[in-house]
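Engineer: just need the structure, nothing else, for what follows:
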Amino acid sequence: MKKVGIVGHFGFGYDLLNGQTIKVKILFHEFQKQLGTESTMAVDTHGGAKKAPAMIAGTIKMFQQCENCMVLPAYKGVLIFTPLFSVLNKIYHRKTYYIVVGGWLDSYLDKYRWLEKQLKNYTAICVETTTMKKALERRGFNNIELMANCKELAQLSASDLQHSFEEPYALCTFSRVMKGKGIENLINAIKKVNEKSGSVVYTLDIYGEVWKDYTHEFEELQKHFPEYIKYKGSVNYDDSVETLKNYFALVFPTLFYTEGIPGTIIDAYAAGLPVISSKWESYDDVIEDNITGIGYKFGSDDALVETLEMIKSNPQKIIDMKEACLRKAKDFSPKVIVSGFIRKFF
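Structural biologist: This next block holds a predicted model:
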């Protein structure tokens, strides 16, 4: 018998850089490191409905061969794999785990209440934040465990940190490029601050995969970028620290209130970058306010501008946070998180 099987969006053969795919691959590789390649099995959900028969066949094979069966589904995947896991487990009697990506499951259950009974049959539902854990426990769940998002990164040492910055302060984003991530709000805020100052106080480099439904809109937006705003394309997550290390700060202006633990913030911490962020639902689980980052009122463009103005007046506030970010990065080590999971459940 294999020790663990994972169903998730691996995207084998494709260079995919979205948060869900990255998390699936990182967890799988860490389980391989700690348990051995021969003790693990992967079932790829890439391809959607067209690949459904192969996904179902792969999941059945996983239940036949693995002691511990995990799934990391996206929105629609929950509706397919939770019932499938429930049926298969009546036959094979395995330990089953739903590893949650993001923070949307609680609100999702407002729409799909029928899922609750089946979700409660998992050995554990592993969520990224205490906010989500408490929300699901209020629904009567008693199988909720905390399992932070994680990344294996070549973290900077404190001696490698840059401590000297002057205008213009180089900001960056490092996540999916889409309207919902607040990219347009950030662009407009930086323009306002620079125009009000009569000089370039901030530059902005945008990194990340452009969401397919946003491609045309973003291309039109780029045509009107001032010279201090640039799109730098996608970067493999293995290269994130090297890419980010010389920036002043990372900005995370998300408009998704139910974000979990965004991988981009783990990247930032490993590179010693404080985070300027909107205060989404689980902000306090990830960012220590005024220690590893600075938050502003969720959804408020005015608050974002005010925060950038405040930092402009006191840039040392950000610089002084850099070493704390390196310390915080250790909380999101795959080795620590997976070894703790194995000790508890295997």
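
Engineer: name the surrounding residues that touch the helix or strand harbouring Leu109.
Structural biologist: Here Leu109, judged by DSSP states H and E, is contained in helix 105-111. The contact list for helix 105-111, computed with C-beta atoms under 8 Å, 6 or more residues apart in numbering, reads Tyr75, Val78, Leu115, Glu116, Leu119, Ile125, Val127, Met132, Ala135, Leu136, Arg139, Thr258. For every residue, glycine as well, the C-beta is placed using N, CA and C.

Engineer: now do the SS call for the last one.
Structural biologist: So that's Thr258. Of the three states, Thr258 takes coil under DSSP: H, G, I helix; E, B strand; the rest coil.

Engineer: start the count at 599, not 1, going forward
Structural biologist: Okay, residue one is now 599; in that scheme the one you just asked about reads as Thr856.

Engineer: which pLDDT value goes with it?
Structural biologist: Listed pLDDT for Thr856 reads 86.

Engineer: so it sits right up against Val699, yeah?
Structural biologist: No. Assessed by C-beta atoms under 8 Å, Thr856 is found out of contact with Val699, at 11.4 Å.

Engineer: so for these two, which residue has more residues nearby?
Structural biologist: Neighbours per residue, other C-beta atoms under 10 Å: of Thr856 and Val699, the larger number sits with Val699, 27 against 19.

Engineer: and the strands in the stretch 799-944 of the chain?
Structural biologist: Secondary structure of the stretch 799-944 of the chain by DSSP state E, counting those that start in this stretch: the strands cover 800-805, 827-831, 847-850, 873-876, 891-894.

Engineer: rewinding a little: what mean pLDDT does the very next helix or strand once past the helix holding Leu707 have?
Structural biologist: Where DSSP H and E defines the elements, the next helix or strand beyond helix 703-709 is helix 713-717. Across helix 713-717, the average pLDDT comes to 96.

Engineer: for the helix or strand following helix 713-717, what is the average pLDDT?
Structural biologist: Using DSSP H and E, the helix or strand that follows helix 713-717 towards the C-terminus is strand 722-725. Strand 722-725 shows a mean pLDDT of 97 in the predicted model.

Engineer: who does strand 722-725 pair up with?
Structural biologist: strand 693-697 (parallel), strand 742-744 (parallel) (DSSP bridges).

Engineer: that strand: how far from the chain's middle?
Structural biologist: With C-alpha atoms, centre = their mean, to the nearest Å as the basis, strand 722-725 stands 16 Å off its chain's centre.

Engineer: over to stretch 862-871?
Structural biologist: With C-alpha atoms, centre = their mean, you get 12 Å for stretch 862-871.

Engineer: with mean neighbour count, mean pLDDT and distance to Leu819 as extra columns, can I get the strands of the stretch 799-944 of the chain in CSV?
Structural biologist: Putting the strands of the stretch 799-944 of the chain into CSV (neighbours: other C-beta atoms under 10 Å; pLDDT from 0 to 100; distance: least, C-beta to C-beta, whole Å) gives the following:
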stretch, mean neighbour count, mean pLDDT, distance to Leu819
strand 800-805, 22, 98, 10
strand 827-831, 15, 97, 9
strand 847-850, 28, 98, 16
strand 873-876, 26, 98, 20
strand 891-894, 22, 98, 22
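
Engineer: can I get those in CSV including distance to Tyr690?
Structural biologist: Shown next, in CSV, are those (distance: least, C-beta to C-beta, whole Å):
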stretch, distance to Tyr690
strand 800-805, 43
strand 827-831, 44
strand 847-850, 41
strand 873-876, 43
strand 891-894, 45
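
Engineer: point out where the chain drops to low pLDDT.
Structural biologist: In the predicted model, the chain carries pLDDT under 70 at residues 614-615.

Engineer: quick check: most distant residue from the centroid of it.
Structural biologist: Gly796 (35.9 Å; C-alpha atoms, centre = their mean).

Engineer: re earlier: what residues sit buried inside the helix holding Leu707?
Structural biologist: Across helix 703-709, burial judged by 16 or more other C-beta atoms under 10 Å covers Leu703, Asp704, Leu707.

Engineer: residue nearest the centroid of this protein?
Structural biologist: Pro860 (2.8 Å).

Engineer: surely that residue touches Val884?
Structural biologist: Yes. Applying C-beta under 8 Å, one finds Pro860 in contact with Val884, separated by 7.2 Å.

Engineer: before we move on, the earlier item: dump the strands paired with strand 722-725 into TSV; add distance to Ala922 and mean neighbour count as well.
Structural biologist: What follows is the strands paired with strand 722-725, written out as TSV (distance: least, C-beta to C-beta, whole Å; neighbours: other C-beta atoms under 10 Å):
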stretch	distance to Ala922	mean neighbour count
strand 693-697	28	22
strand 742-744	22	17
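
Engineer: any chance of the ones you listed in TSV, plus distance to Phe930?
Structural biologist: TSV is the format used below for the strands paired with strand 722-725 (distance: least, C-beta to C-beta, whole Å):
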stretch	distance to Phe930
strand 693-697	15
strand 742-744	12
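
Engineer: contact partners for the spatially closest residue to Ile804 that is not a sequence neighbour?
Structural biologist: In space, and not counting its chain neighbours, Ile804 is closest to Tyr829: 4.8 Å by C-beta to C-beta, 6 or more residues apart in numbering. Residues counted as contacts of Tyr829 (C-beta under 8 Å, 6+ apart) are Val775, Asp803, Ile804, Phe816, Gln820, Phe823.
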